[in-house]
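*Asks:* pasted the sequence and its predicted model underneath.
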Amino acid sequence: MANTVITVLAPDCRINLGMLHWFDALGVKPNIKIQRHDCTSARNAAVYDFMKGPGTHLLLIDSGVWPDRDCLAILDCPYNVAYMGHTATGGHIAHMGDGNLGLAFARLSRKALESIEPPWFEYERDAVGARIVRCECMVLCERLKEAGFQTHMIGTVWHNAELLERPGIDGGAEITTKNKFMWDQFENSTTQLST
């Protein structure tokens with residue numbers, strides 16, 4: 001863990017307090033990147049910053065993730081590419097299983113990142129560039145596989161995008177925010193970051 005640089009991507013300058021408490025319990029102060037552009041730009045900026053320093057691994061965490069003690073396993077895992085399985089924004093796809101990759105909570109080694117040319121994160125778009133046909137997670141996953149790296153799912157994590165969701169055992173999503181109380185809990189457990 002000592003050589004892992006932790007970067008949280010915070011869209012709209014918001015981060016959930018549960019995540020901040022998790023970091024406090026670990027005694028870790030993460031880098032918090034205010035995400036003013038799409039997530040690919042923010043992720044690429046995080047890697048550029050990481051590459052300037054001495055760290056061996058970069059742990060990228062989206063601000064809507066709710067880590068728990070199971071997430072600690074990713075900090076000391078032996079893999080070059082590891083992630084916590086989760087559903088993607090809105091629950092329309094799930095990043096689950098070895099051979100897949102979800103970037104909401106992912107640990108990438110310097111070796112893996114150096115094996116591919118920047119930009120590391122980019123969407124695959126349709127022929128006219130108007131619609132995203134593959135997310136940045138899957139594009140990076142393919143590039144890493146081509147470079148000889150395997151991806152490993154270490155566990156699962158809650159991912160709050162438009163919904164508070166956690167991957168189900170069958171690869172579907174366990175949606176919990178149809179309950180207004182849960183949504184209110186999320187709204188009341190985020191904090192505004194200064195810009």
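*Replies:* In hand now; what should we look at? Residues are numbered from 1 along each chain as shown.

*Asks:* got any ranges where the protein has weak pLDDT?
*Replies:* 1-2, 10-18, 33-37, 87-93, 160-195 (pLDDT under 70).

*Asks:* following the longest helix anywhere in the chain, which helix or strand comes up?
*Replies:* If you go by DSSP state H, the chain has its longest helix at helix 39-52. Using DSSP states H and E, the helix or strand that directly follows helix 39-52 along the chain is strand 57-62.

*Asks:* listing partners with orientation, what would you give for that next one?
*Replies:* strand 4-11 (parallel), strand 105-109 (antiparallel) (DSSP bridges).

*Asks:* before we move on, back to that, list the contacts of the longest helix of the chain.
*Replies:* Helix 39-52 is contacted by residues 5, 7, 9, 11, 31, 33, 35-36, 58, 60, 62, 103, 108, 110, 113-114, 118-123, 136 when judged by C-beta atoms under 8 Å, 6 or more residues apart in numbering. All C-beta spots, glycine's among them, are computed from the backbone N, C-alpha and C.

*Asks:* out of these, which end up buried?
*Replies:* Taking 16 or more other C-beta atoms under 10 Å as the criterion, what is buried in those is 5, 7, 9, 11, 33, 35, 58, 60, 62, 103, 108, 110, 113, 120-123, 136.

*Asks:* which stretches of the protein form helices?
*Replies:* Using DSSP H, the helices of the chain run over 17-26, 39-52, 110-114, 136-146, 180-188.

*Asks:* and the first one, what other elements does it pack with?
*Replies:* Meaning helix 17-26. strand 65-66, strand 190-192 (3 or more C-beta pairs under 8 Å, 6 or more residues apart in numbering; DSSP states H and E).

*Asks:* what does it rub up against?
*Replies:* Contacts with helix 17-26, where a contact means C-beta under 8 Å, 6+ apart, come from 6, 8, 29-30, 61, 63, 65-68, 71-72, 189-191.

*Asks:* top of those by neighbour count?
*Replies:* I61 (27 neighbours; other C-beta atoms under 10 Å).

*Asks:* bridge partners for it, pull those for me.
*Replies:* In this structure, I61 bridges to V8, F105 when assessed by DSSP bridges.

*Asks:* turn the helices of the chain into JSON lines, including distance to H159.
*Replies:* Listed next are the helices of the chain as JSON lines, based on distance: least, C-beta to C-beta, whole Å:
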{"stretch": "helix 17-26", "distance to H159": "12"}
{"stretch": "helix 39-52", "distance to H159": "13"}
{"stretch": "helix 110-114", "distance to H159": "22"}
{"stretch": "helix 136-146", "distance to H159": "12"}
{"stretch": "helix 180-188", "distance to H159": "12"}
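
*Asks:* appreciated, that's everything.
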